[in-house]
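Q: from the sequence below, what's the structure:
(one chain, ligands or ions: 1)
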Amino acid sequence: AAIEKGNFDHFMLKEINEQPKTILDSLRGRLNAEQGYITLSGLDKIEEKLRQAHRIVIVACGTSWHAGLIGEYLIEELCRLNVEVEYASEFRYRNPIISPQDVIIAISQSGETADTLVALENAKKQGATIFGIVNVVGSSIARITDAGAYTHAGPEIGVASTKAFTAQVAVLQLFALKLAQLRGTVDPAFFRQLLHELEAVPAKVAWILDTQVEAIRTIARRYKEADNFLYLGRGYNFPIALEGALKLKEITYIHAEGYPAAEMKHGPIALVDEKLPVVFVATKDVYHEKIVSNIQEINARKGKVVAVVSEGDETVNDLAEAVMVVPQAHEIVAPLLSVIPLQLLAYYIGVERGLDVDKPRNLAKSVTVE
Ligand code: G6P
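A: Next up is the predicted model:
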């Protein structure tokens, strides 16, 4: 049957709103917070390889590459294993060093991205083991993997990826936690705490969708004429800054850059003037104090600060022109929440500018040619 938009104006908005369910679907049958375990049969299948792996290489493109960057932080922190994240298009051409002790994680919504597929074929020839995090069942990438975990986000029609991204991040969380348990690199009490944190994510995403839309629409109206945006974040929220900027570029055609917040002083700060909106992903985590001082630096240069903040935290209210609120969460699961307002912001600015948000110019849902 044809997939319908239902009560939504666009597929993108429908897919953003599906996320409480799609994240739940990607965790379903895999996460048992009560009993304190994770089942990931794909991971069991390559368990020995993973135990002996010298490193993990994550290969992806576009939004899936941003999920991969979060995966790097997760696996390094929880599993104490070396991780590299590669753009598939670079990895396939530069004769990378690959050994049979490497495990490659391939991340792809469509499972048909040509660069990713060829990069994997090359790695496979050199003996690497491939684990797939793929949305489309039976796709080309799914078929060449040795093992994997489907994301179960359902068909994604909007060209700009939303629900597929959060499903990828959710599966990476499961993967990192399960591998950490196998490797004995995570404290059991902390492991259980994180399982509960993950289990709570779908309801927290629903809370954002229920309470923040009006505030985000107001921000969209206020900044829809801007020529440039800067997105800044630290730690697990740095890839979210990249993803927020990518969503804005794709949907609104406004130039946007994502940057690690502390790196702004090495360049992007030169762009700041009274016309530049700067979106900070400033949820309450170990970097909070540092990011607040980054916000003050932008403020002092008259940039327009917009911030994603944690519920109950009013530290940046006086420094920001506007805030988007997300529920409190452990920083490891926080990206699953902080990305939601940024998806909505891009969507509403696109709508305000009268653009075809489901089919942005020059972009394809799946890039099956070079
Ligand atoms: C295209 C799509 C993006 C997607 C990227 C990677 O550029 O427009 O939304 O992130 O391809 O696609 P994949 O299907 O491999 O995740």
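Q: my read: Val59 touches Ala88, true?
A: Yes: Val59 is within contact range of Ala88, at 5.0 Å (criterion: Cβ atoms under 8 Å). Yep, even glycine has a C-beta here, placed from its N, CA and C like the rest.
Q: which neighbours do these two have in common?
A: Common contacts of Val59 and Ala88 (Cβ atoms under 8 Å, 6 or more residues apart in numbering): 116, 119.
Q: which of the two has more residues huddled nearby?
A: Val59 (33 against 26; other Cβ atoms under 10 Å).
Q: and that one, what pLDDT?
A: pLDDT recorded at Val59 is 98.
Q: check contacts around it.
A: 68, 86, 88, 91, 104-107, 116, 119-120, 123.
Q: which of these lies closest to the ligand?
A: Thr116 (5.3 Å; Cβ to the nearest ligand atom).
Q: that closest one: neighbour count?
A: Neighbour tally, Thr116, other Cβ under 10 Å: 31.
Q: please report the distance of it from Val201.
A: Distance of Thr116 to Val201, computed by Cβ to Cβ, to the nearest Å: 27 Å.
Q: repeat for Gln296
A: 31 Å.
Q: check the contacts of Val59 against the ligand, which are close?
A: Contacts with the ligand within the contacts of Val59, counted by Cβ under 6 Å from any ligand atom: Thr116.
Q: ranking the contacts of Val59 by neighbours, who comes first?
A: Most surrounded of these: other Cβ under 10 Å gives Ile107, at 33 neighbours.
Q: hang on, isn't it packed against Ala67?
A: Yes: here Ile107 reaches Ala67: they are 5.5 Å apart, a contact under Cβ under 8 Å.
Q: quick check: neighbours shared by these two?
A: 60, 133, 168, 172.
Q: follow-up on the earlier one: neighbour count for Gln296 and Val201, which is higher?
A: Ranked by neighbour count (other Cβ under 10 Å), Gln296 and Val201 place Val201 first, with 24 against 13.
Q: what helix or strand is the residue lying closest to that one once chain neighbours are set aside located in?
A: Of all residues not flanking Val201 in the chain, Leu336 sits nearest, at 5.1 Å (Cβ to Cβ, 6 or more residues apart in numbering). Assigned by DSSP states H and E, Leu336 falls within helix 335-352.
Q: quick one: distance of that helix to the chain centre.
A: Remark: helix 335-352 is offset 12 Å from the chain centroid, using Cα atoms, centre = their mean, to the nearest Å.
Q: what's the answer for stretch 188-204, then?
A: On Cα atoms, centre = their mean, the centre of stretch 188-204 falls 18 Å from that of its chain.
Q: now do stretch 15-31
A: 14 Å.
Q: what residues of the host helix or strand of Pro202 count as buried?
A: Assessed by DSSP H and E, Pro202 sits inside helix 201-211. Using 16 or more other Cβ atoms under 10 Å as the test for burial, helix 201-211 gives 201-202, 204-209.
Q: what is the mean pLDDT for it?
A: On average, helix 201-211 scores 98.
Q: which helices and strands sit right next to that helix?
A: The contact analysis (3 or more Cβ pairs under 8 Å, 6 or more residues apart in numbering; DSSP states H and E) places helix 201-211 against helix 19-27, strand 322-326, helix 335-352.
Q: how about 7 Å then?
A: helix 19-27, helix 335-352 (3 or more Cβ pairs under 7 Å, 6 or more residues apart in numbering; DSSP states H and E).
Q: got the angle between it and helix 19-27?
A: 170 degrees (axes from the mean of the first three to the mean of the last three Cα atoms, to 10 degrees).
Q: so what touches the next helix or strand after helix 201-211?
A: Downstream of helix 201-211, the first helix or strand assigned by DSSP H and E is helix 213-223. Under the contact criterion Cβ atoms under 7 Å, 6 or more residues apart in numbering, helix 213-223 has outside partners 277, 306, 322, 324, 341, 344-345, 348-349, 352.
Q: now do helix 213-223 against strand 322-326, angle only.
A: Using the same axes, to 10 degrees: helix 213-223 against strand 322-326 is 150 degrees.
Q: quick one, helix 213-223 and helix 335-352 angle?
A: Using the same axes, to 10 degrees: helix 213-223 against helix 335-352 is 50 degrees.
Q: list the buried residues for stretch 113-128?
A: So, applying 16+ other Cβ under 10 Å, buried residues of stretch 113-128: 113-120, 122-124, 128.
Q: model confidence over that stretch, on average?
A: Rounded mean pLDDT across stretch 113-128 is 96.
Q: over to stretch 33-51?
A: On average, stretch 33-51 scores 96.
Q: so which of the helices and strands packed on helix 201-211 is the most surrounded?
A: helix 335-352 (a mean of 26; mean count of other Cβ atoms under 10 Å).
Q: helices and strands around that helix, which ones?
A: Right, helix 335-352 is packed against helix 11-17, helix 163-183, helix 201-211, helix 213-223, helix 238-252, strand 322-326 by 3+ Cβ pairs under 7 Å, 6+ apart.
Q: mind listing what the residue nearest to Val201 touches?
A: Taking Cβ under 7 Å, 6+ apart, one finds 23, 166, 169-170, 201 in contact with Leu336.
Q: kindly recompute the last result at 8 Å.
A: 23, 166, 169-170, 173, 201, 205, 329 are the contacts of Leu336 under Cβ under 8 Å, 6+ apart.
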